[in-house]
Structure formats: C-alpha cells, structure tokens
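Peer 1: Below are the sequence and a predicted model; questions follow.
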Amino acid sequence: MAKLACIIVTYNRFKKLQKALAAYAQQTTLPDFLIVVNNNSMDDATQNYLDAWEQEKLGATKKVVLAFEDNKGSAGGFVAGCKKALALGAEWIWLAPDDAYPEADVLVEAQEFLNKEKLPENVVAICGSVYEKGKLALNHRQRYQAKLWSFKHASVPEAEYAQPSFDVQLCSAVGLIIKADILEDLGHVEPAYFIYATDLGYSYKLSQQGQIICLPELKVQHDPDEMAITETTAVDWRYYYQVRNYFYFLKTFFPVAYRLEWNQTHSKTRLKMMAGRDIQKNSVLLKALEDARLDRMGLCKTYRPR
C-alpha cells in the first residue's frame, strides 16, 4: 500500500477542527500519517486540544502537530505540512482545510485507486467530489481555456459526476491528493498567496505536469464560513485575498491576459468609485489590484484573517 499522509491546516476554528479530526479517525482505512498545522490560533483551547490529541493512539497512524507562532496562511501551512510529510516518507499527500470532512470510505477508496497495477504513470494527483450544505459544489473542480490574451475557467458539468472518473485542470485543496514525487520535482504551494486561490496556481502547475483525476465517489463534506459582501455590511477580508491572488495568478502565468483584464477591471472600478457606487467594496478591490500589480503579497496588515 502506498504511504499516505493527510495534512489539515487550522486557524481559529476549534469546533470545526474537532469535527474534521473525528472524520479522519472514523476512516475505514486510516492514513499512515496525520499532520495538523496550527496557524497560531488565538484561542488556547486549540493548541491544548492538539497537544492531548497528538498523544492519543490512532491505530498505526503517526500523528504530528506543527504549531506556528504566527499565522502563515493556508499556503504556508500546507508548505510546512508537505515538507514534514516528505520527511516522514509519504508517497501521496492529502490536503484539506479544517472545515472539510471526508466520508468514512474516502481514504480506502483512494488507496484502492492509487494501488492499481495499471495506474497511469502520468497521474500527478487525484481528488474527490465536494459537497456543501448537502449539494454538489461544482466550483471546486474546473477546467480552463487559455489563449495569449485571455484565461477562462469553468466548473466541470454536473453530468460528468455520474462517471467513475474524469479529468480536471484546476481544483481546490479540499480533498486533493498529490503524488509526493511531483512535490519534490515541482516545489510547494507558493507562500506569497498566503490564503485563498493558493490552490488555483498550484493545481494549474500540476496540470502542466500530468493528469489530475477526479473520483466522484470520494465524497468530502465542506463547511465553509459565509462570506458577506454587500453595500450595507463590512467587506469580508477574504474578498481582498481572492481578488489579489487571482490577478497575481494571471500575472504569473498569463501576463498578456493579466494586463488586459487588470486594466479593464481597474478602469471600471474607478468609474464606479467616481459615481459613488459600492464605495467600500470597490476600495478593497482597488487595493487588491494595486497590490497584485506591485507584488505586495503575503499577509496584508489591513485585511488580517479573523
């Protein structure tokens, strides 16, 4: 059996972390390594819980807790977790946030697929289907069309989930399993993204190296926090990172498309500001655009995760 490491990155979501760890403990096949990265959660309960959890036996699974003194974002957390997994000898590495709960048979079915005699050598990653509030969340598995002047991406059609498997090109890190050899060759997630859209750039790089296969029967329940972006409520800090990191992704991989889309978005946003429309939201948007243009990446002190 291929050695499998599961990495969970957590920050300030103690109850969700508990639920996630319970889901891994209930797997019909346990992972060889279970690594939790605590991104300096501000409550003492999280680290106290993890200290006790690390000492509790879970079959033959080796538990590891990595505790940071500052928040390195999901990007930095996954980098640290992956480095530890490689050092432990993992051959495949599962990535997931603390609000993702794999169903009980996910890891055994993943192992069965990965250990097939005829697994194509060009498979660099596999992933499952993601459900939110009981419904299939299509945005987690996508394909793209790229030209010199444009980059378009769209979710895989729901009809394809009736198949045993299908190829994807872009995918979130909710139940993404990466071949360890590829990590060593390709490098890790770019820490500059900090949080949000970290998996966009990395899954694109993976798709350039080989095949990413989605197995719909590997079901993961995802419980993301709600994001509020309206005229009457404060703009969510996550909006800043999503916009900045998307344009940074375009700038890195599709520079011509980046310049065209950046200029268009910047001009439209400035006009909206002049007209007094959505001032708060568009102020955040302009800052995100400028920071992407100037490579001001990593943690933004103005928009800290809460």
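Peer 2: Yes, it's here. Numbering: from 1, shown residues only.
Peer 1: Check Thr230 and give its pLDDT.
Peer 2: Model confidence at Thr230, expressed as pLDDT, equals 47.
Peer 1: now do Ala25
Peer 2: The predicted local confidence for Ala25 is 97.
Peer 1: Same check on Val235?
Peer 2: Looking at Val235, its pLDDT reads 67.
Peer 1: what are the ranges of the helices in the stretch 1-150 of the chain?
Peer 2: 14-25, 44-55, 73-88, 106-114 (DSSP state H, counting those that start in this stretch).
Peer 1: who wins for proximity to Lys63 among those?
Peer 2: helix 44-55 (4.9 Å; CB to CB). Backbone N, C-alpha and C define where each C-beta goes, glycine included.
Peer 1: just the angle between the closest one and helix 14-25, please?
Peer 2: 20 degrees (axes from the mean of the first three to the mean of the last three CA atoms, to 10 degrees).
Peer 1: Alpha carbons only: can I get helix 44-55 in CSV?
Peer 2: Output of helix 44-55 as CSV, limited to C-alpha atoms (Å, rounded to 0.1, in the frame of the first residue of the first chain):
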residue,chain,number,x,y,z
ASP,A,44,-5.6,28.4,23.9
ALA,A,45,-8.2,25.6,23.5
THR,A,46,-6.9,24.6,20.1
GLN,A,47,-3.3,24.0,21.0
ASN,A,48,-4.2,22.4,24.3
TYR,A,49,-6.5,20.0,22.5
LEU,A,50,-3.9,19.2,19.8
ASP,A,51,-1.3,18.5,22.5
ALA,A,52,-3.5,15.9,24.0
TRP,A,53,-4.7,14.6,20.6
GLU,A,54,-1.1,14.0,19.5
GLN,A,55,-0.5,11.7,22.4
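Peer 1: in it, what counts as buried?
Peer 2: For helix 44-55, the neighbour count (16 or more other CB atoms under 10 Å) marks Thr46, Tyr49, Leu50, Trp53 as buried.
Peer 1: Among those residues, find me the one that's closest to Gln26.
Peer 2: Trp53 (14.6 Å).
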